[in-house]
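Visitor: Take this sequence and fold it.
(chains A and B)
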Amino acid sequence: MNIVVCYKSALEETSMLVSSSGVDATRARHKISDYDRNAIAAGMGVATETDRVLALTFGGLEAKKTAKDVLSRGPDQVYAVIANDAASADGAATAKVLAAAIRSIGDVDLVVCGEGSSDSYAHQVGPRIAALLSMPVMSELSEFSVEGTAIKGKRTVGGVTEFLCADLPAVATVLPAAAEAPIPGLKAVLAAGKKPLTEMTLAELGLDATSLAPKTSAGPLTAVLASRKRILFPDGDASSQVAGLVGALVKEGVLR
Amino acid sequence: MTGALVVADTIEGGRRLITVAAGLNLPVSAVTHDPTVATGLTDYVSDVVYHLVGSSDRLHDYYSAFAGLVRDRQPDLVLIADTVPGRELAAMSAAQLDVALVSGATRLVTDGTRITATRLVYGGSFEREEQLGGLTIVTVPTELHHPAAASATTAERVTVEATADQRVTVTKRATVTRSGPDLASALAIVGVGLGLRHRDDLSLADELAGALDGAVACTRPVAEDRGWLPTERYIGISGAKITSDLYVALGISGQTQHTAGLRDVKVVVAINSDPAAPIFAAADYGIVGDLYQIVPLLIQAIEDSRHGQ
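Guide: Here you go, the predicted structure:
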């Protein structure tokens, strides 16, 4: 069985600089998008020894920087679709590229994606890939397994836990709870250097940049600052701290 | 068709999305697969209620028929609840229609000609505006909006025969035990984080919530990793967004993924033993201290205050 795990190289938000003039991401580091680490672990978790796990990404040149980290987490090979303006790609474009790459790889039985990326967190690429490839999708699974030619999954919808089943080929998107993503050991890191990284271009996939133009016009990032009072009741006697707090809550009119 | 098409799997959820559409001065139609919802929404919708009739009881199984309806009726905007099935329906139909999907819009405004959506990115650390161009599907956390009042007219109801994609089957459903009032309607909410040491210590949060006549909630790891509360009880960018008057955070460090769910709370209180915890920057009032010592005193002080002592 061939399992494709999709991942994104995202900016590390803690390395982005915030100033009065805005958010500066020019020196920010790249990482494997947080939830995609769990998706990689989840894909590895359902693979048997005879299965091949292929990691797939779409990004700019920076996408290659995270490939070794991905390979040290177990996949046999990385496919990277590289395009200069990938950073501005929206969910629609990203899903088109990844779906085309999955068709090009061929004989893919299972596609695993994270629930959303750590940057845009839009929850759309996995289900969009399913629609484009005419595969069924199970999204936001907290557990999943492959049994024979079927995939089984568990997720919570409102106040109900659903147990789902579908025949392969299928797409699954997974929550972090589906698989822990430990830091790879030294042996795995060394082995990663010997695994193949295959680059693909949009032209090879029959796509052109104009068909991938974003469908909305996105503005700049702005920092979210909580406009809270930030009043701390001073150290000391816990009873007087609590009395101060309750007094403040009564004044606010939030104690009934 | 000009206006907004609201997707509803409950009457209340539909009414909350109708409020969003009304705020953009758009006439509203609605679509649902549930006959009770279809009937109920005719009192709230100004144009048409489309009732998708087919073999599935899950709205998102009708994504293809839904995409066909959107293609046929050409609304300016499609609004869907930002829930697990809502996100799935939105993404599947957006792919079939090759249109934009803006998910989890915390704000939607119009200048009369263009609609601009705001959404949180990078785990709630930043936000970004997106100006919509042409037909766009938007998912909205419905709990941020009040249910719309009845419309002056009764909408026309139109039945649409729809094929459902039932390749994914539900083999079993289990109801998650609910604890206390709904987060969407609670006026006071007590949230617990990883600073709570044992599952049994939830009784402390229950007692405080009882004194406040409120509900108990938590952070994502408490629900997902520890499984102490149902996942519908966690607050944050991927969970519930709350609008209560009061939120008391117990042993919560205050990562932006959590505090992103608190933006519409009137007063946030933090109790944490770590003075450097980021929750204090996202709180109105804070006590640096041991929650096991502070909370019993707080419960007593609230009860004393209520009894005029």
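Visitor: and B:Pro275, how many residues sit next to it?
Guide: The tally of other residues near B:Pro275 (other CB atoms under 10 Å in any protein chain shown) stands at 11. C-beta: built from backbone N, CA, C; applies to glycine.
Visitor: just checking, it touches B:Val288?
Guide: Yes. Counting by CB atoms under 8 Å, B:Pro275 does reach B:Val288; the two are 4.7 Å apart.
Visitor: burial count for A:Pro136?
Guide: 21.
Visitor: and if you look at B:Gly286?
Guide: 26.
Visitor: Just grab the bridge partners of it for me.
Guide: Beta-bridge pairing for B:Gly286 (DSSP bridges): A:Leu232, B:Ala270.
Visitor: ok, it touching A:Arg228?
Guide: No. In this structure, B:Gly286 is not within contact of A:Arg228 by CB under 8 Å, at 9.5 Å.
Visitor: Quick check: residues of the stretch 1-150 of chain B near chain A?
Guide: Residues of the stretch 1-150 of chain B found near chain A (CB under 8 Å from any CB of the partner chain) are B:63, B:83-85, B:87-88, B:90-96, B:98-104, B:117, B:120-134, B:136.
Visitor: Following the chain onward from the strand or helix carrying B:Ala174, which element is next?
Guide: B:Ala174 is part of strand B:169-175, with elements assigned from DSSP states H and E. Going down the chain from strand B:169-175, the next helix or strand is strand B:188-192, by DSSP H and E.
Visitor: Distance from the chain centre to that next one, please.
Guide: A distance of 17 Å separates the C-alpha centroid of strand B:188-192 from that of its chain, computed with CA atoms, centre = their mean, to the nearest Å.
Visitor: close to chain A, is it?
Guide: Yes. Judged by CB under 8 Å from any CB, strand B:188-192 and chain A are in contact via B:Ala188.
Visitor: Next SSE downstream of that strand?
Guide: Proceeding N to C from strand B:188-192, the next assigned helix or strand is helix B:202-212, under DSSP H and E.
Visitor: With just CA atoms, put that following helix into CSV.
Guide: In CSV, the C-alpha atoms belonging to helix B:202-212 read as follows (Å, rounded to 0.1, in the frame of the first residue of the first chain):
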residue,chain,number,x,y,z
LEU,B,202,-12.1,18.8,38.7
SER,B,203,-14.5,18.9,41.7
LEU,B,204,-12.7,22.1,42.7
ALA,B,205,-13.6,23.7,39.4
ASP,B,206,-17.1,22.2,39.6
GLU,B,207,-17.6,23.8,43.1
LEU,B,208,-16.3,27.2,41.8
ALA,B,209,-18.6,27.0,38.8
GLY,B,210,-21.5,26.1,41.1
ALA,B,211,-20.8,29.2,43.3
LEU,B,212,-20.8,31.3,40.1
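Visitor: Find the nearest non-adjacent residue to B:Leu108, please.
Guide: Leaving aside its sequence neighbours, B:Leu108 sits nearest to B:Ala117 (CB to CB, 6 or more residues apart in numbering or on different chains; 5.3 Å).
Visitor: and what of B:Asp98?
Guide: Per CB to CB, 6+ apart, closest to B:Asp98 is A:Ala92, 6.7 Å.
Visitor: and A:Asp208, how many neighbours?
Guide: Residue crowding around A:Asp208 was assessed by other CB under 10 Å; the count is 9.
Visitor: That one is in contact with A:Leu202, isn't it?
Guide: Yes. Taking contacts as CB under 8 Å, A:Asp208 lies within contact range of A:Leu202: 6.5 Å.
Visitor: mean confidence for stretch B:31-43?
Guide: Average pLDDT, stretch B:31-43: 97.
Visitor: likewise stretch A:90-100?
Guide: Stretch A:90-100 shows a mean pLDDT of 97 in the predicted model.
Visitor: export that stretch as CSV, just CAs?
Guide: As requested, the backbone C-alpha atoms of stretch A:90-100 are provided in CSV (Å, rounded to 0.1, in the frame of the first residue of the first chain):
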residue,chain,number,x,y,z
ASP,A,90,-4.5,29.7,-0.8
GLY,A,91,-6.2,26.4,0.2
ALA,A,92,-7.8,26.0,-3.3
ALA,A,93,-4.4,26.3,-5.1
THR,A,94,-2.6,24.1,-2.5
ALA,A,95,-5.2,21.3,-2.8
LYS,A,96,-5.0,21.4,-6.7
VAL,A,97,-1.2,21.1,-6.6
LEU,A,98,-1.2,18.3,-4.0
ALA,A,99,-4.0,16.4,-5.8
ALA,A,100,-2.2,16.7,-9.1
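Visitor: For that stretch, give me every contacting residue.
Guide: Contacts with stretch A:90-100, where a contact means CB atoms under 8 Å, 6 or more residues apart in numbering or on different chains, come from A:6, A:8, A:56, A:58, A:81, A:83, A:89, A:120, A:122, A:124-125, A:128-129, A:132-133, A:202, A:205-207, A:211-216, B:91, B:94-95, B:98-101.
Visitor: try it again with 6 Å
Guide: A:6, A:58, A:81, A:122, A:124-125, A:128-129, A:132-133, A:205, A:207, A:212, A:214-215 (CB atoms under 6 Å, 6 or more residues apart in numbering or on different chains).
Visitor: No further queries at this time; thank you.
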